[in-house]
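Visitor: I need the structure of the sequence given here:
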Amino acid sequence: MEQPIEAQQLSITKKAAEGTVFSILLTISFSHLLNDTIQSLIPSIYPIVKDSFHLTFGQVGLITLTFQLAASLFQPFVGFYTDKKPQPFSLATGMAFTLIGLVCLAFASSFGWILVSVGLIGTGSSVFHPEASKVAYMASGGRRGLAQSIFQVGGNAGSSIGPLLAALIIVPSGQKSIAWFSALALIAIIVLIAIGKWYRQNMQRIRPKKVVAHGEQVHLSKRKVATSIAILLVLIFSKYFYLASMTSYYTFYLIDKFGVSVQSSQVHLFIFLFSIAAGTFLGGPLGDHFGRKYVIWFSILGVAPFTLLLPHVNLFWTTILSVFIGLILASAFSAILVYAQELLPGKVGTVSGLFFGFAFGMGGLGSAVLGELADRTSIYYVYAICAYLPLIGLLTGFLPNIGAKHKATTS
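Guide: Take a look at the predicted model:
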């Protein structure tokens, strides 16, 4: 006798849940936390190195640009290569580059050495992100949005912790205290070796054997797929250009406009970045259930009222608005990434490398451009202009409806 439809659906959902390896998802999320905690130390020390090395805002932007270019240029190539030839232990190798760069940054004695140091940290990131995203895909059991959100929330939590640790440790103790954070890189290497062993034993999870969900398969022309990918990249541009204004210059904005201390500005940056970590977790599961397109609509365009108000309010409301901006804007990336993976099935590493790389690149370019703009005008003017970037989210209307509801898949 055939099972009732409800029982069949329950059986499919149960198999997908059993296929979701939460221990690996939580471990890769933890390693993402360690990786991005280290990375977030770079913008957190800007007020220190700006005074120590007598840097302009343009030079501060160049530090971010160097890091982001190193972290972005290699990612699509890493993803493409590992799609063809999986490299389970490349994650630990990438973290070794980060460790070397961190030690160099602690003892950098010139602006040039700072650029070399952040370049090494960026190189480690370019290996870590596409491969770690692939591990999240492998461990998802079909719940790809949830898996990416768990992975992303670790990174964003790390990004929020970094400025707080910088305020507590680096600001009082100086640049050389950065070396203490090499312990985080060593822990990450040990964790990533363990993940590499699981990766090596579960390579069959990279490509699902059978799709059992209705609506998972995408039947679009190559032109439509290419146009959709282009729109998604433009949305990434708007998101990360705005984020560059916050991560690189929010502390300067608060100091300049409200006269807060360096440590106080770091705490405010922590509040913003922590809201991003919280918002990140929502995007993936909501996209699994309601559809990626609706989450992208809400995340990019929905943040516009708050960004438009931000330059015109007092310190209290600046803090409140920054929380809403972080929560809403953060939900986009997981939805965008999984949407792109559904557009290009079987190319998980390539898609992850392309989108992580482009995001990092736009963040770096945004920081450099906005730094020059701040030097020529003012920090306030930068925020007044960037407030309009989320309106680019109107382009979401041109994306096709795919993956409208969460359905289970088996590996």
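
Visitor: check what pLDDT Leu309 gets.
Guide: pLDDT, Leu309: 96.

Visitor: I meant Lys15, not that one.
Guide: Reported pLDDT for Lys15: 50.

Visitor: check Leu65 too.
Guide: Listed pLDDT for Leu65 reads 81.

Visitor: same deal with Phe97?
Guide: Note on Phe97: pLDDT of 94.

Visitor: give me the buried positions along the helix ranked longest in the chain.
Guide: Secondary structure of the chain read by DSSP state H shows that its longest helix is helix 222-258. Going by neighbour count (16 or more other C-beta atoms under 10 Å), the buried part of helix 222-258 is 228-229, 231-255, 257. All C-beta atoms are positioned from the backbone trio N, CA, C, and that covers glycine.

Visitor: what do you get for stretch 155-175?
Guide: Within stretch 155-175, the residues scored as buried using 16+ other C-beta under 10 Å are 155-167, 170-171, 175.

Visitor: count the residues that sit near His219.
Guide: Applying other C-beta atoms under 10 Å, we find 7 residues neighbouring His219.

Visitor: just confirm it is within a helix.
Guide: No: His219: not assigned to a helix; according to DSSP: H, G, I helix; E, B strand; the rest coil it is coil.

Visitor: let me see the contact set for it.
Guide: If a contact means C-beta atoms under 8 Å, 6 or more residues apart in numbering, then His219 has no contacts.

Visitor: ok, it to Gly79 distance?
Guide: His219 is 25 Å from Gly79, where distance means C-beta to C-beta, to the nearest Å.

Visitor: got it, and Ser334?
Guide: From Ser334 over to Gly79 (counting by C-beta to C-beta), the distance is 17 Å.

Visitor: next one: Lys176
Guide: For Lys176, the distance to Gly79 - C-beta to C-beta - is 36 Å.

Visitor: kindly report the same for Ile206.
Guide: Using C-beta to C-beta, Ile206 is found at 12 Å from Gly79.

Visitor: all helices for the stretch 1-150 of the chain, in order.
Guide: 5-19, 22-44, 46-52, 57-73, 75-84, 90-106, 111-138, 144-165 (DSSP state H, counting those that start in this stretch).

Visitor: for the record, mean pLDDT for the longest helix of the chain?
Guide: According to the model, helix 222-258 has a mean pLDDT of 90.

Visitor: and what of stretch 138-149?
Guide: Here the average pLDDT along stretch 138-149 is 83.

Visitor: the more surrounded of Ser334 and Gly79?
Guide: Neighbour totals were compared for Ser334 and Gly79, and Ser334 leads with 32 against 26 (other C-beta under 10 Å).

Visitor: next, that one: secondary structure please.
Guide: What three-state DSSP gives for Ser334 is helix.

Visitor: was I right about it contacting Ser149?
Guide: Yes: Ser334 lies in contact with Ser149 (C-beta atoms under 8 Å); the separation is 4.7 Å.

Visitor: which strands and helices lie in contact with the helix or strand hosting Tyr381?
Guide: Using DSSP states H and E, Tyr381 falls within helix 379-386. For helix 379-386, the helices and strands in contact under the criterion 3 or more C-beta pairs under 8 Å, 6 or more residues apart in numbering; DSSP states H and E are helix 222-258, helix 348-376.

Visitor: run the chain-centre distance for that helix.
Guide: Taking C-alpha atoms, centre = their mean, to the nearest Å, one finds the center of helix 379-386 at 23 Å from the center of the full chain.

Visitor: what about that helix, average pLDDT?
Guide: In the prediction, helix 379-386 has an average pLDDT of 92.

Visitor: residues in contact with it?
Guide: With contact meaning C-beta under 8 Å, 6+ apart, helix 379-386 is reached by 241-242, 245, 249, 252-253, 256-257, 307, 310-311, 370, 373-374.

Visitor: closest to Met362 among those residues?
Guide: Of all those, Met362 sits closest to Phe241, with 6.0 Å by C-beta to C-beta.

Visitor: ok, now which ones touch the closest residue to that closest one other than its chain neighbours?
Guide: What sits nearest to Phe241 in space, not counting adjacent residues and going by C-beta to C-beta, 6 or more residues apart in numbering, is Gly366, at 3.9 Å. By C-beta under 8 Å, 6+ apart, the contact list for Gly366 reads 240-245.
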